[in-house]
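Q: Structure, please.
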Amino acid sequence: MAATTLPPDVRSQKTQRTTNKCSPHPPDGGYGWIIVLGTFISTAISAGTMFSFSVFYVAFLNAFNKSKSDTAWIGSIALFMFAMTGPVSVTLARKIGHRKTVMLAGIVAATGHIFSSFATSIYHLYITYGFITGFGLGLAHVASMEIVGNYFKGRLSIAMGIALTGGGLGQVGLSIVSQFIIDYYGWRGTLMIFSAFSLHMSVAGALFRPLEHNRSKLQRDSNSNKTKSAQNTEYSLVEDKSDVRDNMIRAEMEKDQYDNRDARYTRVDDEAGGEVESRNCRLFKCCSYVKSFVTSLYDVSLFREPVYITILTCTFVATFGLNSILTHLARKGVDIGLNLKQASFTVAMVGIGQIFGRPVLGIIGNLPKMKPSLIWSACLFVCAVLGICSMYIMTFTAQLFIMCVFGASMGGYMVMISVAMAYFLGRNKMGPALSVNFQVVGCSGLISGPISGFLRDHYGDYVVTYWVGGCAILLASGLAFLFIPIDKCVKRRRNKTSKEKHALNNVTNGDINQDLSLASKV
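A: Below you'll find the predicted structure:
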């Protein structure tokens, strides 16, 4: 029987309806600002907890009497898990939704904090604080950032700047509060209180409503398409009535011929063929499951983009330098003559700087002629210079000012990461690109803390540690300056290749037409 196909206009409407359903247009406002509020709260807890580890770092040093390198492994493992959960977070968010993912993350992080409060060895903290808590915080952080990109396009830079300001506010509040709570309740009681803070991420996740489509328009399209489909199907059935009769007669004749074959050979062939087919089917399903799992975690096409490889390299180097400075910030303050409360205030000033730096630089990045990679490069340059200078300016007031400007520049750099991903790779690839980027952050953070702690133990002070960190950030600043030239070079080369292929196709088609014309004359 001939296929009952729909006319082109009906097929095009069906395709258009499917496209609209899969790629809803971001509203650039409306309920999107509630999403920004939820991301603000989530990042305030997740990023604030991660960056306030330097306060716990001093408490863990005094509690377990281990070397600075061994103690720094706690924060390094936590940062590693915080970043490595990016692909898992993106995959979960697309399978079960951003709301359930962030709510689950809050429960996991709270569980890790509770278990950490009962730790009797630093190795227990490697598992409870490092792996469990870091996993929960990272699960919430990436999913919260991705959903902002679903609701905003033109105002993405502003929305992301406001949302990520929560990380700075959380760093300020949790850094100051944690030191006071440790003084009154000890580090065990503080971890229990932090578990309650982590549960508030589940409350923030409840605000993450999925982006809805224009249901009324889809309903109208569906009704009209159903009517046209019914009409064309009826027309095709009437037209193909004679074909149905011919096909039925032909099928009966083939059946009679098949029944006359030898049953023994038929049965053997069927059994052998069924066994091979079953084995091939199982193998195909296994391979398809593995392929779907890998492709759900990673977008392999991103690794063919030279600008994305440069971004990942820049992120690795920048994270090594920034983490080397921030992990030992409170302890460095004690080494240069500050007391514990003053040292914790220097950590808080980094967060205060981020509160102002993220929205301001986000607005600047939204200007028409402003390139996110240039802001990225400038912010890292400022961080490198101030990080090195903080070792030679030892007054408390100067340390507060330096760390505030350092935090503002660092906040601008963090905002530009997601904006640059959308600028160079496209908004639809921002989630997978960010997840891999966070994994690079985790790998760099895993080695930066112990290496910087080893340098402190070997040389007796933080001068070499901060110089190594500052030079790494300076190198990353230079790499960020190369994003635009690399992107332009790749686009120019691809345009040239496409033009050459187009010209070759024209020449080939011309030769074929000429040969056909000569053949027709002959």
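
Q: low-scoring stretches of the protein, by residue?
A: For the chain, applying pLDDT under 70 flags the ranges 1-26, 212-298, 506-522.

Q: Mind listing what's buried along stretch 450-458?
A: 450-453, 455-456 (16 or more other Cβ atoms under 10 Å). Backbone N, C-alpha and C define where each C-beta goes, glycine included.

Q: brain fart, stretch 417-435
A: 417-425, 429-435.

Q: Filter these down to the ones in helices?
A: The helices, defined by DSSP state H, take in 417-425, 430-435 from those.

Q: Out of these, give me the two with the largest separation.
A: Y423 and S435 (17.7 Å; Cβ to Cβ).

Q: what's the closest of the buried residues of stretch 450-458 to T190?
A: Nearest member of these to T190, counting by Cβ to Cβ, is G453, at 22.2 Å.

Q: Kindly confirm whether my reading is correct that the closest one touches K66.
A: No: counting by Cβ atoms under 8 Å, G453 stays clear of K66, with 10.3 Å between them.

Q: H502: neighbouring residues, count only.
A: H502 has 10 neighbours, counted by other Cβ atoms under 10 Å.

Q: for this structure, which helix is longest?
A: helix 156-205.

Q: and that helix, what does it pack onto?
A: helix 32-51, helix 53-64, helix 98-116, helix 134-151, helix 340-365, helix 396-425 (3 or more Cβ pairs under 8 Å, 6 or more residues apart in numbering; DSSP states H and E).

Q: quick one, phi psi at the nearest residue to P210 once chain neighbours are set aside?
A: Excluding its sequence neighbours, the residue lying closest to P210 (Cβ to Cβ, 6 or more residues apart in numbering) is G97, at 6.0 Å. When read as degrees, to the nearest 10, the backbone of G97 gives phi 100, psi 150.

Q: So G97 sits against A206, correct?
A: No: taking contacts as Cβ under 8 Å, G97 lies outside contact range of A206: 11.3 Å.

Q: Of these two, which one has the most company?
A: For G97 and A206, the more surrounded residue by other Cβ under 10 Å is G97, and the numbers stand at 17 against 14.

Q: gap between that one and G411?
A: 29 Å (Cβ to Cβ, to the nearest Å).

Q: Next up, the contacts around the spatially closest residue to G154 that is not a sequence neighbour.
A: With sequence-adjacent residues excluded and distances taken as Cβ to Cβ, 6+ apart, G154 is closest to D28, at 5.2 Å. If a contact means Cβ atoms under 8 Å, 6 or more residues apart in numbering, then D28 has 151-155 as its contacts.

Q: got it, and M391?
A: M391 sits next to 332, 336, 462-463, 466-467 when contact means Cβ under 8 Å, 6+ apart.

Q: which among those end up buried?
A: For those, a burial check counting by 16+ other Cβ under 10 Å picks out 332, 336, 462-463, 466.

Q: Just to be sure, which of those residues are found in helices?
A: Using DSSP H, the buried ones among the contacts of M391 in helices are 332, 463, 466.

Q: Make JSON lines from the residues you listed and add distance to S198 to it.
A: Shown next, in JSON lines, are these (distance: Cβ to Cβ, whole Å):
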{"residue": "K332", "distance to S198": "28"}
{"residue": "V463", "distance to S198": "36"}
{"residue": "Y466", "distance to S198": "31"}
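
Q: Take the contacts of D28 and write them to CSV, including distance to V102 and neighbour count.
A: Putting the contacts of D28 into CSV (distance: Cβ to Cβ, whole Å; neighbours: other Cβ atoms under 10 Å) gives the following:
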residue, distance to V102, neighbour count
Y151, 15, 25
F152, 18, 24
K153, 22, 14
G154, 25, 11
R155, 22, 19
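
Q: of all these, which comes closest to G136?
A: Of the contacts of D28, the one sitting nearest to G136 (Cβ to Cβ) turns out to be Y151, at 24.0 Å.

Q: can you tell me how far the closest residue in space to that closest one that isn't next to it in sequence sits from F401?
A: Spatial nearest neighbour of Y151, excluding adjacent residues (Cβ to Cβ, 6+ apart): G32 at 3.5 Å. G32 sits at a distance of 36 Å from F401 (criterion: Cβ to Cβ).

Q: Those two: who's more crowded?
A: A direct count of neighbours by other Cβ under 10 Å for G32 and F401 places G32 higher, at 19 against 15.

Q: got the contact list for the more buried one?
A: Each residue near G32 by Cβ under 8 Å, 6+ apart is listed here: 26, 148, 151-152, 159.

Q: does I451 count as helix, strand or coil?
A: Secondary structure, DSSP: H, G, I helix; E, B strand; the rest coil: I451 is helix.

Q: ok, M403 touching G357?
A: No: counting by Cβ under 8 Å, M403 stays clear of G357, with 12.0 Å between them.

Q: Tell me who's in contact with the residue lying closest to G29 once chain neighbours are set aside.
A: Leaving out its chain neighbours, the residue that sits closest to G29 by Cβ to Cβ, 6+ apart is R155, at 7.2 Å. Taking Cβ under 8 Å, 6+ apart as the contact definition, R155 lies against 28-29, 366.

Q: how about the residue nearest to G154, phi and psi?
A: Dihedral angles (degrees, to the nearest 10) for D28: phi 60, psi 40.

Q: Please tell me how far it sits from R155.
A: 5 Å.

Q: do the same with I132
A: For I132, the distance to R155 equals 36 Å [Cβ to Cβ].

Q: L207 now?
A: L207 is 19 Å from R155, by Cβ to Cβ.

Q: same deal with V102?
A: Separation of V102 from R155 (Cβ to Cβ) stands at 22 Å.
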